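Engineer: Fold the stuff below for me.
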Amino acid sequence: MSNVTEAVPVSAGPPAGPQGAAGGRNAVVGYLGGIRDVVVLEVKQRLRSRGWYIMLGIWFFVIAVVTWLTWLAWNASMEARRSSVPPSALSPQDGAGSMIFEVVLAFVLLFALLVAPALSANAINGDRAGGTLAILQITLLTPGQILWGKFCAGWLAALAFLAISSPFLVFGMFQGGLTPGHVVVSLLMLAVELAVVCGIGVGISALAGRPLFSIVVTYLVVAALVVGSLISFALGAQLAQGTVLANSPASRSVLYAPVQPNQQGQPIEPAQPGYTCEGPLVEHPAVRTERVAWMLALNPYVVVADAIPYPDRSGSAFYSVGMIEGISQGARSALAGPDHTYLCANGVPQPQYLKQTTPLWPLGLGLQLVLTGLLMWLGWRSLRTPASRLASGTRIA
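Structural biologist: Numbering: from 1, shown residues only. Next up, the predicted model:
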């Protein structure tokens, strides 16, 4: 007998060329397939529950009632305006569409911020408390697949509520004064904000040991974004005191004429301000809001309101804006600071309406995504097995 030694080549990595590319695609497909399995499992569990359909029905009914009440309120206000304002002074933007759209949008965002935490904040520790998380962890599913699957399932559930609300936003568009861009951008931004809240809830759910604790903490984080951002901005503005160079405004007469809409439906009015700037430039105390405007950008209402494309009203001396557009204008005024909002700042009459040249919503959305990404990453770390440490009383199986 003879001993034959065969040399076996050792591969230092995946094969190069088409085989390596195919292996990479297979890995991606396999990873996405694991996420899909978790999503399907979660969705099937929700669809088996009768309460899920009851919640969707209640949501549809509430949004319908809000739309109907808004319609009645608009009719009442228009009857009062027609008795005191000539018909030529009413622009196409005074239709019911704008009012219905903004009220429904604000209402949907409010309730979405209340519903999304309940759909995601117990996604991980709820299974841990029920003893089913360990069953997923001993399979070939990775912590990332479990985390992303729970996130996608919660987001899809939240999007179902948004889909129920979308017909009322479309109804507002058909009432006049709006374009399809308003509805499309609004739905996209609402979906993104729902994804942010669901990501926050899933991340906290993976970190917290008790479902009730994670739900409370998620609601506190959402409240911090909605209310805490306003409080932080107000307090920060008091600390951002500064000065601005400006002279004295002098009023002048402006010709008031009936509003005549142009071909785009926008009123043709004198664009000159009702004052002129006279005298030498003097330093005046002012609040430098541009230094703390990033705090205001964290607010979900600011992100959604500032992303919607509004008609350019900078050429009109007299105009009115709705609630959502007013939020956008307030945020842009804070970002512009006193150099662009203070009367006669730098000796120049400042416009009453700020164009959407420097949007604030990308900054706010970016900060929200950073917070969501951090919580998701910490949640991923807590799902890794074997766990080095577990909180006292944590159920494993």
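Engineer: Find the centremost residue of the protein, please.
Structural biologist: A centroid search over the chain (C-alpha atoms, centre = their mean) returns Glu193, at 3.6 Å, as the residue closest to the centre.
Engineer: Enumerate every residue touching it.
Structural biologist: Taking C-beta atoms under 8 Å, 6 or more residues apart in numbering, we find Glu193 in contact with 109, 112-113, 300, 303-304, 368. Any C-beta I mention is one placed from the backbone N, CA and C, and that applies to glycine too.
Engineer: if we go to 10 Å?
Structural biologist: Applying C-beta atoms under 10 Å, 6 or more residues apart in numbering to Glu193 gives the contacts 109, 112-113, 116, 158, 162, 225, 300-301, 303-304, 365, 368.
Engineer: What of Gly34?
Structural biologist: Contacts here follow C-beta under 10 Å, 6+ apart; on that basis Gly34 touches 136, 139-142, 144-146, 148-149.
Engineer: Kindly report the same for Val43.
Structural biologist: 152-153, 156-157, 160.
Engineer: Which parts of this structure are strands?
Structural biologist: Applying DSSP state E to the chain gives strands spanning 241-251, 260-261, 267-268, 275-287.
Engineer: related to what we said a few turns ago, ok, the residue nearest to the centre of the chain to Leu187 distance?
Structural biologist: Glu193 sits 11 Å away from Leu187, going by C-beta to C-beta, to the nearest Å.
Engineer: Which residues are in contact with each of these two?
Structural biologist: The overlap between the contact sets of Glu193 and Leu187 (C-beta under 10 Å, 6+ apart) consists of Leu162.
Engineer: Which one of the contacts of Val43 is nearest to Phe101?
Structural biologist: Closest approach to Phe101 among the contacts of Val43 (C-beta to C-beta): Ala160, at 21.1 Å.
Engineer: Quick one: residues contacting that closest one.
Structural biologist: Applying C-beta under 10 Å, 6+ apart to Ala160 gives the contacts 43, 46, 52, 55-56, 59, 119.
Engineer: And Pro180, by the same measure?
Structural biologist: By C-beta under 10 Å, 6+ apart, the contact set of Pro180 is 170, 173.
Engineer: Going forward, count from 16.
Structural biologist: Right, with 16 as the first residue, what we last looked at is Pro195.
Engineer: what number of residues lie near Thr154?
Structural biologist: Neighbourhood size, Thr154 [other C-beta atoms under 10 Å]: 11.
Engineer: who's in contact with Cys213?
Structural biologist: Going by C-beta under 10 Å, 6+ apart, the list of residues near Cys213 reads 131-132, 134-136, 138, 165-174, 233, 387.
Engineer: Would you mind giving me the ChimeraX syntax to select the buried ones in the contacts of Gly49?
Structural biologist: A single ChimeraX command selects the buried members of these (16 or more other C-beta atoms under 10 Å):
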select :151,156,157,160,161,163,164
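Engineer: So which of the contacts of Gly49 belong to helices?
Structural biologist: Residues of those located in helices (DSSP state H): 151, 159-161, 163-164.
Engineer: remind me which residues of the chain are low pLDDT?
Structural biologist: Within the chain, the stretches with pLDDT under 70 are 16-38, 95-111, 191-192, 263-290, 326-336, 356, 361-362, 365-368, 371, 401-412.
Engineer: State the distance from Tyr316 to Leu87.
Structural biologist: Tyr316 is 25 Å from Leu87, where distance means C-beta to C-beta.
Engineer: Neighbour count for these two, which is higher?
Structural biologist: Tyr316 (24 against 10).
Engineer: Please name the nearest non-neighbouring residue to that one.
Structural biologist: Distance criterion C-beta to C-beta, 6 or more residues apart in numbering; nearest residue to Tyr316, sequence neighbours excluded, is Ile342 at 5.7 Å.
Engineer: That neighbour is in contact with Val319, isn't it?
Structural biologist: Yes - checked against C-beta atoms under 10 Å, the pair Ile342 and Val319 is within contact range at 8.6 Å.
Engineer: okay, and the common contacts of these two?
Structural biologist: By C-beta under 10 Å, 6+ apart, Ile342 and Val319 have these common neighbours: Ala121.
Engineer: between those two, which one's more packed in?
Structural biologist: Val319 (26 against 21).
Engineer: Please name the two of the contacts of Ala175 that end up farthest apart in the structure.
Structural biologist: Checking these with C-beta to C-beta, the most distant pair is Val58 and Trp74, at 17.8 Å.
Engineer: Buried residues in stretch 214-230, which are they?
Structural biologist: For stretch 214-230, by 16+ other C-beta under 10 Å, it's 214-226, 228-230.
Engineer: Going by distance to Gln253, which of the residues you listed wins?
Structural biologist: Nearest member of these to Gln253, counting by C-beta to C-beta, is Ile215, at 28.7 Å.
Engineer: How about the backbone phi and psi for Leu313?
Structural biologist: Here is the backbone geometry of Leu313 (degrees, to the nearest 10): phi -70, psi -20.
Engineer: Can you name the residues that contact the residue lying closest to it once chain neighbours are set aside?
Structural biologist: Nearest residue to Leu313, sequence neighbours excluded (C-beta to C-beta, 6+ apart): Ser244, at 4.4 Å. Ser244 makes contacts with 238, 309-317, 379, 382, as judged by C-beta under 10 Å, 6+ apart.
Engineer: hmm, back to that, okay, and which of the contacts of Cys213 map to helices?
Structural biologist: Judged by DSSP H, helices contain the following of those: 131-132, 134-135, 165-174, 233, 387.
Engineer: out of those, which one sits closest to Thr400?
Structural biologist: Using C-beta to C-beta, Lys165 comes nearest to Thr400 of these, at 16.0 Å.
Engineer: can you pull the contacts of the closest one?
Structural biologist: If a contact means C-beta under 10 Å, 6+ apart, then Lys165 has 50, 53-54, 56-57, 135, 137-139, 141-142, 148, 151, 213, 216-217, 220-221, 394, 398 as its contacts.
Engineer: Now with 8 Å, please.
Structural biologist: Residues counted as contacts of Lys165 (C-beta under 8 Å, 6+ apart) are 53, 57, 135, 138-139, 217, 220.
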